[in-house]
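1. model the structure of this input:
(one chain, ligands or ions: 1)
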Amino acid sequence: MPATRAEDYFEFLAKLGLTKHYGSLDATLELAEMTRIKPGQLVLDLGCGVGATAIYLAKESGFEIIGADLVESMLYRANERAAEQQVLDKTAFLAADARVIPFPDDCFDVVLLESVNVFFDNKLAAFTEYRRVIKPGGFIGITEMTWLKEPKEAFVDLFKNTAFATALQADGWKALLTEAGFTNVRGNGYPIDPIRESKGRFERYGRGFVLKIIGRMVKLILTDKDSRSFFQDGTSGLSKDIIQYVGYGVFTAEKS
Ligand SMILES: C[S@@+](CC[C@H](N)C(=O)[O-])C[C@H]1O[C@@H](n2cnc3c(N)ncnc32)[C@H](O)[C@@H]1O
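-> Numbers count the residues shown, from 1 in each chain. The predicted model follows:
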C-alpha cells in the first residue's frame, strides 16, 4: 500500500489497540456460522488488525486461526493480546498484504475479512487472490460496510475522505464474489444498531480491556496531535440522515 493517510489511520488504531468493523460481534458470529468453521480447520483472517476476531474465536470456540495484517504494530498488539488471553497456541499472526497472500494455492478451509475490502481500489483483484488460497470446497466470509440504499455523493465522499473507505451495496459485494469465481454466494446488508455495536465491542474485547482503551484514548488526545485529528475526523459529519444509508453486510461464498 503506498504511504497514504490510510496507513497513518491504521497506525493510530494500533496505538489505541482497538480495531473494529460495523456489525461487531454479531457480524463475526454470523460469518463463523455461514462459513461453517470447525475445530481443526485452517482459517486465515486477513487484515486481522489487533487480532480481536482470531483471539475471540480461538478462546470461545477453540478454533486455530492465522491472522495477517499489513501493519506491523497491529501484529504486536495481536500477539500481546493473544498472550494475555492465553491463546498463543491457537493463534499465529504474520505480516502480509491481503492482496498478495504469501501462501500457496488451495491451502485454507476458510478465509475471513472484516472491514478490509472497503480500503481497496481494485476489489476484484483482491477477491481473486483470496480465492486462490482457499481449498476447493472451502469458504470465504466477508463483513464490510454496506450502503443500504444508493448513497448520496456527499456521503460517499465523506467516508472516502475521513475513513479512506469505499463501500458497496449488498448486490455489489455479491457480484464481486461471483465475478471472482466463487459460487453459492449468500448474504445480506443490515442496518447498524448503535446499542448492539457497543455491546458487541465489550463482548469482543472484554470489559476490562475496553477500560484500558479509554485510558489510552485520553492519553492520545492529550499528547498526540496526529491521533487527535483522527478523533475529530471520526466523530464529525455523521448526521442522522447518513445513518439511514450506512449498514454492514455479511457475505459468504464457496470455492467449488
Ligand atoms: C478497519 S481495520 C479492521 C481490522 C479487523 N479486521 C477488525 O475487524 O477488527 C482494517 C485493517 O486492515 C488492515 N489492512 C489494510 N490494508 C491491508 C492490506 N493490504 N493487507 C492486509 N491488511 C490490511 C489494516 O492494517 C487494519 O488492521
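
2. when you work out contacts or count neighbours from here on, use the C-alpha atoms and nothing else.
-> OK.

3. all strands of the stretch 101-250 of the chain, in order?
-> Secondary structure of the stretch 101-250 of the chain by DSSP state E, counting those that start in this stretch: the strands cover 108-114, 134-147, 168-169, 183-191, 246-254.

4. for those, give me JSON lines that also has distance to residue 9, mean neighbour count and mean pLDDT.
-> Output for the strands of the stretch 101-250 of the chain, formatted as JSON lines (distance: least, CA to CA, whole Å; neighbours: other CA atoms under 10 Å; pLDDT from 0 to 100):
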{"stretch": "strand 108-114", "distance to residue 9": "16", "mean neighbour count": "25", "mean pLDDT": "98"}
{"stretch": "strand 134-147", "distance to residue 9": "17", "mean neighbour count": "24", "mean pLDDT": "98"}
{"stretch": "strand 168-169", "distance to residue 9": "21", "mean neighbour count": "22", "mean pLDDT": "98"}
{"stretch": "strand 183-191", "distance to residue 9": "25", "mean neighbour count": "18", "mean pLDDT": "97"}
{"stretch": "strand 246-254", "distance to residue 9": "20", "mean neighbour count": "25", "mean pLDDT": "97"}
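
5. redo these as TSV? Include distance to residue 223.
-> Compiled in TSV, those are given as follows (distance: least, CA to CA, whole Å):
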stretch	distance to residue 223
strand 108-114	30
strand 134-147	31
strand 168-169	36
strand 183-191	35
strand 246-254	32
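
6. near the ligand, which residues of the stretch 1-150 of the chain?
-> 10, 19-21, 46-49, 52, 69-71, 96-99, 114-116 (CA under 6 Å from any ligand atom).

7. now, which of those residues lie within helices?
-> Among those, the ones falling in helices (DSSP state H) are 10, 52.

8. separation between residue 134 and residue 109?
-> 6 Å (CA to CA, to the nearest Å).

9. next one: residue 138
-> With the distance defined as CA to CA, residue 138 ends up 5 Å from residue 109.

10. and what of residue 228?
-> Distance of residue 228 to residue 109, given as CA to CA: 41 Å.

11. circling back: restricted to buried residues, select the residues of the stretch 1-150 of the chain next to the ligand in ChimeraX.
-> Typed into ChimeraX, the next command selects the buried ones out of those (criterion: 16 or more other CA atoms under 10 Å):
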select :10,19,20,21,46,47,48,49,52,69,70,71,96,97,98,99,114,115,116
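
12. how many neighbours does residue 205 have?
-> 18 (other CA atoms under 10 Å).

13. residue contacts, it?
-> Contacts for residue 205 (CA atoms under 8 Å, 6 or more residues apart in numbering) come out as 52, 56.

14. please give the element, helix or strand, for the closest residue to residue 204 other than its chain neighbours.
-> Spatial nearest neighbour of residue 204, chain neighbours left out: residue 25 (6.0 Å); criterion: CA to CA, 6 or more residues apart in numbering. Assigned by DSSP states H and E, residue 25 belongs to helix 24-34.

15. beta partners for the most centrally placed residue in the chain?
-> With distances taken as CA atoms, centre = their mean, the residue of the chain nearest its centroid is residue 114 (2.4 Å). Counting by DSSP bridges, residue 114 forms beta bridges with residue 143.

16. what's it in contact with, if anything?
-> 21, 28, 46, 47, 48, 142, 143, 144.
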